[in-house]
Each structure stands twice: as C-alpha cells, then as structure tokens.
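> below are the sequence and a predicted model; questions follow.
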Amino acid sequence: MTGAPLILYNSLTRASETFVPLDPGNVRVYSCGPTVYHYAHVGNLRAYVFTDTLTRTIAWKGWPLTHVVNITDVGHLTSDADAGDDKMEAAARATGRDIWAIARHYTDAFKQNLTDLNIRTPTHMPLATDHVAEMIAWGEKIAERHCYRLADGLYFDTTTVPDYGRLAGAADDAAHARIDAVAGKRHPQDFAIWRTTPPGETRQMEWDSPWGRGAPGWHLECSVMSAKYLGPAFDIHTGGIDHREIHHPNEIAQNQAHCECADTGATFWMHNNFLVDRTGKMSKSSGEFLTLPALGARGFHPLAYRLMCLQAHYRSELEFSWENLAAAQVRLKRWVHAVEGLRLRAGDESGAISASYVEQLDAAISDDLATPRALPVLDAMLADKKLSPATRLATLAEFDRVLGLELAEATRAALRTRPAGVAIEPAAIQEQLAARKAARADRDFVRSDAIRDALLAAGVDVMDGDPLGWDWKLPG
Ligand code: AMP
Ligand code: ZN
C-alpha cells in the first residue's frame, strides 16, 4: 500500500475507520448490482460511479482486487420487503416478452452504461439465476434452526440471529413500518428465503425446491454469490443507502445463520446516498425516467455525468438538474481544452510525476473518497505554470487512474455529443465552417452569413471567438 492510510466510513459501526484488508494480496469487494427489468436510471448509475471510485482508489494504492457486481434477474419484488410482484415477472407480463430476453437485454444495456461511464469492468458479474441450486442449498442449511414455513414459502425468523438490524440502526423502526404485512409472519422484519408459486399460477422463472416450486427470495442471492466469489469473510460490501435498511440487514442475518456465528460477511458496509430528482423523472415506476442515453440525447457526454457525481461526496444527497450537468460539461471541456494545449506544448518530451500534487490527491481521496476536494487539486495542477507541460501530463495520468475522467486521452471532438434530431455530421460542419472562414477572408459576408444561417437551421450554433476554441456547438 502506498501513500496515506485509507479512511472509509463504515455504516456498520457508524464511524470512519482505517481500511486494513483481510488479505493485502487480494482486497475483496461486493456491490449489489442492478435489477434488470428495465434500463438503469442515472440514480442507479451513481451507485456504480461510487464503487468505481472506491475500487480505483484501492487499486491505485497498490492493492490487488477482486470486485463482484451481481445481476439481479430474479426475486426482487416491487417492494424491498416481501410484498408485491417480482419486478422481472411483472415486466414480462406488461410487455408480453420472454423474461430471459428481457434480462439479457437490460443486462447488456447496463454493461454499456458502465463502459460509457468509463467504469472498470468488475472481475465477476454473476447472474442470480445461475445460482439457484446454491441458494436452495443455503436455505436447506439454515431452514431448521432459522426459518419457518408459511403457505407461500419459507421465511427467515430474524429473532434467531444476534443483533438483527444493527446496520439499519435508528432507521430500523421507520423502515419496518413500511414493510407490508404478509399474513402469518412472526415478526414484521422476517423475510422470504423461498417464495412458493401460488396454486394455479405459473411463473416464467421457477424452480423445484424442498419448499415447493417457486423462486428464491431476493436477499439470498447476495449472501450466496458474495460467499461463493469472495469467501464467507470479505472486505467491503456496497450498495445504495436504501439497502442499509432492509436488504443488507437481511444479508447479514442469512450470513450469521449460515455460519452459526456473529460474523457479518463483509467488514465494511458502505452506502452511497441518492441522486434525487425533484422533477420526479427518475423513478422507473413513473414511466419516463432519466437514462444515460437520454442525457446523451440532450447533448450531454457520459463523462459529464460522471464528473457531476464526483463533484458531490458519495455520502451526500445529490440533486439532479440540467444546470448542474451543463456546468459539469463545461468544466470537463475546459480541462480537455487545457490538456490539448499541454499536449501540443509537450510534444515528445516526457515528464516526471509531481509528487506534491499526487500527495494532495491522495490526501483527499484517502479521506473517505473526498472527490469534491480532489477536483480543485486537479484544477490547480493543470494551471500550475511552475510545472512543465510534460510534468503536468504525467501527473494528470495519476488523476485519471483515480477519477476515471480519461482526460489524458480525451479530445474535444470525442466530447461532442450530438443531441437527437440533429442530422448534420461533424465532418460536414467542419467543411461548412472552412468555407465560411474562406468567405470571411474574401470579405464575402453575404456568403459567410448564409453559411452560418444554414448551419443554424441544421441545429448548429457557430461561435465566433469562443475563448475555449469551440468554433461550433449543438444546442444542449
Ligand atoms: P436496483 O436496480 O433497484 O436493484 O438498484 C441498483 C443500485 O442503485 C442499488 O445499489 C440501489 O441502492 C441504487 N440506487 C437506487 N436508486 C438510487 C438513486 N436515486 N441514487 C443513487 N443510488 C440509487
Ligand atoms: Zn444485494
């Protein structure tokens, strides 16, 4: 490990703690993955920008890493507890499509989101449906001492493990007041390990089990897959803040029942706060919601969204607004412009990394991933005339490794996102601009204005004398 000690906030102890890996040769991180009944909304993606910052930091500090992000393709009900319908089955019924095709489609779309956001590919992305046999085996092991049967399945008795709900803490009561009642449950917080398909009904996804034909409860998959890929004791478990109340306490309870001990599975439980959208466009149930491609259609590059996330601390609520996103995009473009200038000036020269700026980056990121503090360090470094352009570029590469903004490779051309509805191609725009420049050189202002008007009609704004050197832009 290099640099400052890594301090992380642990939801389990409600304290900032120095991170010490269980095995420094292999740091093990599990992140609750998406439920693939629909596209990920940009709020979901904030969770993976956070985990990417975490795992990049761990790797940057020199620890080898295994990172698992599961794909939930069965079991997640419309309520986080045991009420409602399976989200996957409901989506299949509503669209009349094959449930497996739905899962594949949205899994692929999610992976594309990760690529677009420059999120590193996790070591494993296991599917819940590939682990049903292991889930049944886990259920069989804990059934006798920790579970009870109801007509609709096998339920976990949360009073059979020590300290149930420690993770949820004070929020416990409020969260459980929201759990819809299932008739016969011994305690409101008890949850399903297996859900038996009601007589007369069929599900597209169902399996035989000792508790009848049906499907696993949602929480079980994460206990099973984290133990399988990372071992029963691993370093860090992540998820959105909503998981602190129900899903993660339930995982811990299953882990404790399985080991017949008080171990929680992960040592650190970390939670990102929500991206909130006061316009209400982010909830999938509202029908229309914000996806990464939807931002692209408005002219916003995925990395502008990534930067918008990094501008807030992962434990703070972040409000989505187009203004915020536009400001992040301008900041990104300004950096890319500066870096292009440095690249020109550095030529073939190679530079040494500035130890002082790397130290400042390290100090910020090691303090519970304080990305909002790391970004001004990047500003200062790029503008530091005491450093040669080659040194600044070499130092930039370190920032890129941690922040994943790809500034060292980005070009202004690559950052240009064409809003939907703009048909003209960038090459044609450049051609027209060259013609307009020639017309202006000839003092043929009639022609130059005509070209400008034609571009405007095609949705392109010509920007004369833009200080950042952007000679045209598409409406955002
Ligand atoms: P889901 O696809 O619903 O299983 O959620 C995937 C991940 O996104 C989970 O870690 C959630 O906790 C997280 N999440 C859901 N909504 C938001 C949001 N608005 N902001 C940040 N994270 C979220
Ligand atoms: Zn999970």
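Everything's here; your move. Ligands and ions are numbered 1, 2, ... in the order given.

> use CA for all of it now, contacts and neighbours both
Will do.

> I'd assumed K437 was in contact with R447.
No: here R447 lies out of contact with K437, judged by C-alpha atoms under 8 Å, at a distance of 10.1 Å.

> gap between the nearest residue to W335 once chain neighbours are set aside and L332?
Spatial nearest neighbour of W335, excluding adjacent residues (C-alpha to C-alpha, 6 or more residues apart in numbering): L407 at 7.3 Å. Distance of L407 to L332, computed by C-alpha to C-alpha, to the nearest Å: 8 Å.

> G25 too?
Look at G25 and L332: by C-alpha to C-alpha, they are 35 Å apart.

> so which of the two has more stuff around it?
L332 (22 against 11; other C-alpha atoms under 10 Å).

> which of the three states applies to the residue nearest to W335?
Classification of L407 using DSSP: H, G, I helix; E, B strand; the rest coil returns coil.

> need the contact list for it.
Contacts for L407 (C-alpha atoms under 8 Å, 6 or more residues apart in numbering) come out as W335, V336, V339, L396, A397, D400.

> dump these to a markdown table, plus neighbour count.
Shown next, in a markdown table, are the contacts of L407 (neighbours: other C-alpha atoms under 10 Å):
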| residue | neighbour count |
| --- | --- |
| W335 | 21 |
| V336 | 21 |
| V339 | 22 |
| L396 | 22 |
| A397 | 18 |
| D400 | 16 |
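
> go back to the residues you listed and keep what's next to ligand 2.
Contacts with ligand 2 within these, counted by C-alpha under 5 Å from the ion: none were found.

> which SS state does A253 fall under?
Under three-state DSSP, the three-state class of A253 is helix.

> how close does it sit to T267?
Distance from A253 to T267, counting by C-alpha to C-alpha: 14 Å.

> so between the two, which is more surrounded?
A253 (27 against 19).

> any weak-confidence spans in the stretch 1-150 of the chain?
The stretch 1-150 of the chain contains residues with pLDDT under 70 at 79-84.

> enumerate the residues of it near ligand 1.
Within the stretch 1-150 of the chain, the residues that sit near ligand 1 (C-alpha under 6 Å from any ligand atom) are C32, G33, P34, T35, G43, N44, R46, A47.

> go with 5 Å
Where the stretch 1-150 of the chain comes near ligand 1, counting by C-alpha under 5 Å from any ligand atom, the residues are P34, T35, G43, N44, A47.

> residue contacts, the fourth one?
Each residue near N44 by C-alpha under 8 Å, 6+ apart is listed here: P34.

> element containing it?
Using DSSP states H and E, the element containing N44 is helix 42-60.

> residue ranges with poor pLDDT in the stretch 351-476 of the chain?
Along the stretch 351-476 of the chain, the parts satisfying pLDDT under 70 run over 418-423, 457, 459, 463-476.

> may I have the phi/psi pair for the residue nearest to W335?
In terms of degrees, to the nearest 10, the main-chain angles of L407 are phi -70, psi -30.

> kindly report the same for N272.
Dihedral angles (degrees, to the nearest 10) for N272: phi -90, psi 140.

> in stretch 264-278, which residues are buried?
By 16 or more other C-alpha atoms under 10 Å, the buried positions in stretch 264-278 come out as 264-277.

> contacting residues for the residue of the stretch 51-200 of the chain found nearest ligand 2?
Among all residues of the stretch 51-200 of the chain, N70 sits closest to ligand 2, at 7.6 Å; criterion: C-alpha to the ion. Under the criterion of C-alpha under 8 Å, 6+ apart, the neighbours of N70 are S31, C32, G33, P34, H124, M125, P126, L127, A128, C222, M225.

> which PyMOL command selects the buried ones in these?
The buried subset of the contacts of N70, as determined by 16+ other C-alpha under 10 Å, is captured in PyMOL by this line:
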select buried, resi 31+32+33+34+125+126+127+128+222+225
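
> okay, A171: pLDDT?
On pLDDT, A171 comes in at 49.

> swap that for H301, please
Note for H301: predicted pLDDT of 95.

> re earlier: what does the residue of the stretch 51-200 of the chain closest to ligand 2 show for phi and psi?
Backbone torsions for N70, taken as degrees, to the nearest 10, come to phi -80, psi 160.

> repeat for E349
Dihedral pair for E349: phi -60, psi 140, per degrees, to the nearest 10.

> also V358?
phi -60, psi -40.

> give me the number of residues near it?
Neighbours around V358, by other C-alpha under 10 Å: 20.

> T202 now?
Around T202 there are 11 other residues, counting by other C-alpha under 10 Å.

> returning to what we had before: could you point out which element follows the helix holding N44?
Following helix 42-60 in sequence order, the next helix or strand is strand 65-69 (DSSP H and E).

> what's in contact with that next one?
For strand 65-69, contacts defined as C-alpha under 8 Å, 6+ apart pick out 25-33, 55, 58-59, 122-126, 226, 229-230.

> pull the distance from that strand to the chain's centre.
Mean-position distance between strand 65-69 and its chain equals 14 Å (C-alpha atoms, centre = their mean, to the nearest Å).

> got a list of what the residue of the stretch 51-200 of the chain found nearest ligand 1 touches?
Closest approach between the stretch 51-200 of the chain and ligand 1, counting by C-alpha to the nearest ligand atom: T72, at 7.0 Å. Contact analysis of T72 by C-alpha under 8 Å, 6+ apart lists G33, P34, T35, V36, L127, A128.

> the closest residue to it other than its chain neighbours: how many residues sit nearby?
Leaving aside its sequence neighbours, T72 sits nearest to T35 (C-alpha to C-alpha, 6+ apart; 4.6 Å). As a burial measure, T35 scores 23 neighbours (other C-alpha under 10 Å).

> ok, T35 to T123 distance?
Using C-alpha to C-alpha, T35 is found at 19 Å from T123.

> for S388, same thing?
Applying C-alpha to C-alpha to S388 and T123 gives a distance of 37 Å.

> tell me what V68 is bridged to.
Legend: beta-bridge partners of V68 under DSSP bridges are Y30, H124.

> name the residues of the longest helix seen in the chain that are buried.
Of all the elements of type helix in the chain, the one with the most residues (DSSP state H) is helix 322-346. Neighbour-count burial for helix 322-346 flags 324-326, 328-329, 331-337, 339-340, 342-343, 346 (criterion: 16+ other C-alpha under 10 Å).

> how far is it from where the chain is centred?
Relative to its parent chain, helix 322-346 has a centroid offset of 23 Å by C-alpha atoms, centre = their mean.

> contact partners of it?
300-301, 303-305, 307-308, 379, 382, 388-390, 392-393, 407-408, 410-412, 415, 468-469.

> rewinding a little: among the buried residues of stretch 264-278, which lie within strands?
By the criterion of DSSP state E, membership of the buried residues of stretch 264-278 in strands covers A266, T267, F268, W269, M270, H271, N272, L275, V276.

> which ones are touching the first one?
Spelled out, that is A266. Applying C-alpha under 8 Å, 6+ apart, we find A266 in contact with A233, F234, D235, I236, H237.
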